[in-house]
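Asks: With the input below, show me the fold.
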Amino acid sequence: MQKYKNIFSPINIGRLRLPNRLVVPPMGTNYAREDGHLTDQFYDYWQERAKGGWALLIVEVTAVDPLGKAIPRQPGIWNDEYIDGFKHLTSIAHEHGTKIAVQLHHAGRQTYRDNIGGKQPVSSSSIPCPSCQAAPHKLSTAEVYELIEKFGDAALRAKKANFDAIELHGAHGYLIAQFMSPYSNKRSDEFGGDFESLMRFPQEIIRNTRRKIGADFPIIFRFSADEMVPGGRTVDQSRAVACFLEKEGINALHASIGVYGSMEYIIPSYEIPRAFNLHNIGEVKKAVNIPVIGVGRIHEPELAEEAINTGKADLVAMGRQSLADPYLPNKLAAGAQEEIAPCISCLQRCMGYLFNPEELEISCLVNPFCGREGEMNVYPSDQQKRVLVVGGGPGGLEFAWLTASRGHQVSLYEREDEVGGQLKAGAMGPNKQEIIKVIKYYRSMLKKYNVEVHLNQELNRETILEKDPDCVVIATGARPLYPDIEGLENNQKVVSAIDVLEGKVTTGHSVLIVGGGQTGSETADYLVDIGRKVTLVEMLSEIARDVEDPIRLFLLDRLKSYGTDIYTNCQVKKFTDDGIIAELEGKEVELSGFDNIVLALGVEPINHLKSELENTGKEIYIIGDAAEPGRAGKAIEDGARLALRI
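Replies: Sure thing, here's the model as predicted:
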């Protein structure tokens with residue numbers, strides 16, 4: 001703990017005493033019901049974080065009005081029937097000695113009609129959100145005052161539910177922010193125009209709230225220090241906002257960034273530098289004497305410690321890092337930093353799930369238990385078994401350490417000279433080095449639970465039976481797919497994207513990549529970054545459609561800046577000695593003169609051991625890409641779920 005003396009020093013937010021400086025910020029999960037009531041899944045998720053040693057939990061976007069929902073299953077607090085559910089939540093947090101606040105929220109124009117019963121969104125002005133598109137109803141002056149009352153009433157309900165504080169959501173372009181910013185507020189009444197008028201809506205909400213909850217109940221105000229859009233509020237203007245809010249009696253500020261029009265900064269991926277918002281946070285901190293909570297990819301404790309030490313922030317919110325490891329504070333305090341599961345800012349199962357109609361509920365690539373805390377529990381096994389894992393990719397690694405943690409004797413065999421599988425290739429592209437943290441984390445967990453790791457060993461039926469395990473888990477991954485296309489077989493210039501990324505193959509200067517999904521696009525990104533001239537062909541109408549939008553934005557910009565030639569709607573008909581013959585928009589074309597042709601056309605499972613081990617009397621399981629090719633998160637979840645069954 002001494003290593004992080006600033007992180008583990010106490011601080012007050014108004015009358016609220018906090019034991020350290022680490023905060024779980026409000027992040028929409030979609031774990032509530034569509035009617036706004038809380039669920040067991042919601043309680044389980046927050047209980048896990050209450051156990052983790054965080055100073056303060058701030059419960060996610062909680063709607064003060066049914067028209068204010070931003071996501072389909074958002075918690076509600078718009079009438080008294082919600083108080084008992086929140087009382088149960090606060091009792092869970094307090095049982096574990098953790099303080100808990102609730103964020104009061106109204107989406108305004110930043111929502112979809114389906115989220116609010118088909119009704120029209122509302123806003124300060126009639127300007128549509130550039131992301132959500134629906135034209136909002138411009139609130140009348142009378143309607144504005146009605147909403148001010150609703151915020152105050154919701155705050156009183158929060159107090160009755162035994163929350164320790166409330167947070168007003170004035171960030172990210174939601175309704176309060178829509179009134180505060182000339183980017184979205186074009187009104188000419190008392191709620192628009194000059195600075196004082198732009199601030200009147202939050203001012204009236206604060207005053208109404210104070211009248212209802214009392215002068216000493218802690219209020220946090222979250223706002224975007226820089227909205228990162230043309231015409232939006234900048235950090236220079238936000239210093240004045242911070243001073244104004246302090247004078248109005250706000251007890252702490254929560255300095256975030258962005259609006260929906262700059263979503264890539266609200267939920268930053270690995271494309272955004274670590275701690276990228278710290279300058280803005282520090283500028284806000286200079287303007288006020290109340291505590292400032294900083295947020296924005298400050299995942300590593302060293303960054304948090306330094307932010308506090310240098311006076312840029314008083315507290316640090318670790319959002320998606322708390323998804324990856326809800327026990328981070330406890331592990332830091334115990335000196336077990338190497339056991340912290342890292343957030344790699346991949347967006348795949350947090351933002352990627354939240355906005356995926358087939359998923360909707362957030363989870364985490366590195367932590368498959370996130371959102372499933374009530375159904376996935378790790379208990380000691382009743383019977384110790386000898387378990388042999390074939391393959392050290394993400395699925396095999398997750399399975400191995402979890403199974404060993406339950407008391408089984410686990411041996412892992414990997415044919416390469418290090419573990420990691422395709423995580424190693426995934427880390428090679430620009431800005432993707434965060435993935436290395438996952439491999440290092442798995443190494444730490446394997447060591448902690450005494451998993452025997454054998455490298456440079458490829459097993460077969462005979463060598464497996466010689467070791468006489470009770471269970472064999474096949475996690476052998478997948479191999480590149482080589483389709484049956486004329487000219488491909490024995491073509492000396494053809495290499496796989498994985499071999500290129502792993503450094504097994506060095507390409508010439510001019511490279512043709514066939515396949516523009518995530519693997520092909522990221523291989524192109526890697527190659528142009530090291531000075532190659534790349535041409536990329538894809539049979540679909542767009543490339544990188546399986547990449548999360550905020551990441552795809554930066555990826556496409558880089559490829560364009562390097563002059564990458566991209567052909568979409570391009571179907572390969574034949575491979576030549578130095579290129580391809582393809583059908584492009586109904587015409588036959590030849591692309592030639594390449595030093596190498598890189599294939600990124602998918603993968604096929606490597607699972608021959610399954611049939612070879614049948615009828616041997618062993619328990620045989622198959623996980624990850626060896627069962628069905630997919631993304632790393634699927635393999636990790638496969639491994640975790642199987643580990644709980646053995």
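Asks: going forward, measure contacts and count neighbours with C-alpha atoms only.
Replies: Noted.
Asks: Compute the number of surrounding residues for Ala142.
Replies: 8 (other C-alpha atoms under 10 Å).
Asks: Just confirm it is within a helix.
Replies: Yes: Ala142 forms part of a helix when assessed by DSSP: H, G, I helix; E, B strand; the rest coil.
Asks: Look at it and report its pLDDT.
Replies: Ala142 is assigned a predicted lDDT (pLDDT) of 97.
Asks: how close does it get to Val288?
Replies: Relative to Val288, Ala142 is positioned 33 Å away (C-alpha to C-alpha, to the nearest Å).
Asks: again with Thr111
Replies: Taking C-alpha to C-alpha, one finds Thr111 at 32 Å from Val288.
Asks: neighbour-wise, which of those two wins?
Replies: The residue with more neighbours, out of Thr111 and Val288, is Thr111; 27 against 19, by other C-alpha under 10 Å.
Asks: quick one: the strands in the stretch 51-200 of the chain?
Replies: Ranges of strands in the stretch 51-200 of the chain, per DSSP state E, counting those that start in this stretch, are 56-63, 99-105, 122-123, 137-138, 165-170.
Asks: List the neighbouring strands of the fourth one plus their orientation.
Replies: What it means is strand 137-138. strand 122-123 (parallel) (DSSP bridges).
Asks: contact partners of the partner strand?
Replies: 67, 108-109, 136-139, 175, 178-179 (C-alpha atoms under 8 Å, 6 or more residues apart in numbering).
Asks: Going C-terminal from the helix or strand bottoming out on mean pLDDT in the chain, what's the next secondary structure element?
Replies: Least confident element among the helices and strands of the chain, by mean pLDDT, DSSP states H and E: helix 351-354 (a mean of 88). Counting by DSSP states H and E, the next helix or strand C-terminal to helix 351-354 is strand 386-390.
Asks: next helix or strand past that next one?
Replies: helix 394-405.
Asks: Check which helices and strands the very next helix or strand once past that next one sits against.
Replies: Sequence-wise, the next helix or strand downstream of helix 394-405 (DSSP H and E) is strand 409-413. If contacts are counted by 3 or more C-alpha pairs under 8 Å, 6 or more residues apart in numbering; DSSP states H and E, strand 409-413 sits against strand 386-390, helix 394-405, strand 452-454.
Asks: Doesn't Lys3 belong to a helix?
Replies: Yes: under three-state DSSP, Lys3 falls within a helix.
Asks: How much space separates it from Ala334?
Replies: With C-alpha to C-alpha as the criterion, Lys3 and Ala334 are 11 Å apart.
Asks: Between the two, tell me which one has more neighbours.
Replies: Lys3 (13 against 10).
Asks: returning to what we had before: so which of the helices and strands packed on strand 409-413 comes closest to Ile100?
Replies: helix 394-405 (30.5 Å; C-alpha to C-alpha).
Asks: what's the closest one in contact with?
Replies: Counting by C-alpha under 8 Å, 6+ apart, 380, 389-390, 410-412, 420-423, 442, 445-446, 449-451, 473-475, 623-624, 632, 635-640, 642-644, 646 sit against helix 394-405.
Asks: Which among those residues count as buried?
Replies: 389-390, 410-412, 420-423, 442, 445-446, 449-451, 473-475, 623-624, 632, 635-640, 642-644, 646 (16 or more other C-alpha atoms under 10 Å).
Asks: What is the least confident helix or strand of the chain packed up against?
Replies: Counting by 3+ C-alpha pairs under 8 Å, 6+ apart, helix 351-354 packs on no helix or strand.
Asks: how near is the nearest residue to Glu590 once chain neighbours are set aside to Tyr260?
Replies: Spatial nearest neighbour of Glu590, excluding adjacent residues (C-alpha to C-alpha, 6 or more residues apart in numbering): Ile581 at 4.5 Å. With the distance defined as C-alpha to C-alpha, Ile581 ends up 43 Å from Tyr260.
Asks: which of those two has more neighbours?
Replies: Remark: of Ile581 and Tyr260, Tyr260 carries more neighbours, 20 against 17, as counted by other C-alpha under 10 Å.
Asks: in terms of contact, does the more buried one touch Gln110 like I think?
Replies: Yes: judged on C-alpha atoms under 8 Å, Tyr260 makes contact with Gln110 at a distance of 7.2 Å.
Asks: can you list residues touching both of these two?
Replies: In contact with both Tyr260 and Gln110: 129, 131, 173, using C-alpha under 8 Å, 6+ apart.
Asks: Can I get those in TSV including pLDDT?
Replies: Shown next, in TSV, are the shared contacts of Tyr260 and Gln110 (pLDDT from 0 to 100):
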residue	pLDDT
Cys129	95
Ser131	93
Gly173	97
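Asks: Derive a ChimeraX selection command for the buried subset of these.
Replies: Here is the ChimeraX command that selects the buried residues among the shared contacts of Tyr260 and Gln110 (16+ other C-alpha under 10 Å):
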select :129,173
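Asks: Kindly indicate which of the shared contacts of Tyr260 and Gln110 lies nearest Val23.
Replies: Gly173 (21.9 Å).
Asks: Hmm, that closest one is touching Gln110, no?
Replies: Yes: in this structure Gly173 lies within contact range of Gln110 using C-alpha under 8 Å: 7.3 Å.
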